[in-house]
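**Student:** coords below, sequence missing:
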């Protein structure tokens, strides 16, 4: 079920319709993607490149009107080291767990809690909207991959070292000087 978005750009689409999911669920396994698809995933999660992607998801019925997704996404991504500005390769390995229900079922409602009194039903708040009776496994994979992206990638063994004298002119050094009365 791989297809491009209507504009031909962006992530591939891997739709899973609720009507097509049997009681035992369906398995969505994607790996060995084409370079254009890997580039689309890389752009979607904000990394320079992606050389490998392994999506392994199980989609099953949830609460009679929704879908639950469990599995794992793994990728090898190229990023730029924040210290040296050299390319660095990082591994992403994220567990996937998400649930989807029709939007009409997601309206928060109050329940009585013995300790808190009235509270919002947390089980409803945890679900995502199931739009048009389907989910997009590619979008779910990209969302969980993005969680695993290192925001400050560094080459192994590299650490940032401030230049000598840099602390003397910092705002905190100025505050310390004021505090001392000097």
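**Tutor:** Alright, I've got the coordinates. Predicted model, so just to flag it, every value in this text is computed and none were measured. Numbering: from 1, shown residues only.

**Student:** lowest confidence element among the helices and strands of this structure?
**Tutor:** Across the helices and strands of the chain, mean confidence by mean pLDDT, DSSP states H and E is lowest for helix 122-125: a mean of 56.

**Student:** element containing residue 50, please.
**Tutor:** Using DSSP states H and E, residue 50 falls within strand 49-62.

**Student:** tilt between the helix or strand following that strand and strand 49-62?
**Tutor:** Scanning forward in sequence from strand 49-62 by DSSP H and E, the next helix or strand is strand 66-80. Strand 66-80 and strand 49-62 meet at an angle of 170 degrees, taking axes from the mean of the first three to the mean of the last three CA atoms, to 10 degrees as the criterion.

**Student:** Looking at strand 66-80 now, give me its mean pLDDT.
**Tutor:** Strand 66-80 comes out with an average pLDDT of 98.

**Student:** distance of residue 84 from residue 30?
**Tutor:** Distance, residue 84 to residue 30, using CB to CB, to the nearest Å: 33 Å. For the C-beta atoms, the positions are set from N, CA and C on the backbone; glycine is no exception.

**Student:** So between those two, which is more surrounded?
**Tutor:** Each of residue 84 and residue 30 has its neighbours counted (other CB atoms under 10 Å); residue 30 has more, 19 against 12.

**Student:** what's the closest non-adjacent residue to that one?
**Tutor:** Among residues not flanking residue 30 along the chain, residue 55 sits closest, at 4.2 Å (CB to CB, 6 or more residues apart in numbering).

**Student:** Could you pull up the residues touching the one you found?
**Tutor:** Residue 55 makes contact with 28, 29, 30, 31, 71, 73, 137, 138, 141, according to CB atoms under 8 Å, 6 or more residues apart in numbering.

**Student:** Against which helices or strands is the helix or strand containing the first one packed?
**Tutor:** Translated: residue 28. Under the criterion of DSSP H and E, residue 28 resides in strand 26-31. Under the contact criterion of 3 or more CB pairs under 8 Å, 6 or more residues apart in numbering; DSSP states H and E, strand 26-31 touches strand 49-62, helix 137-147.
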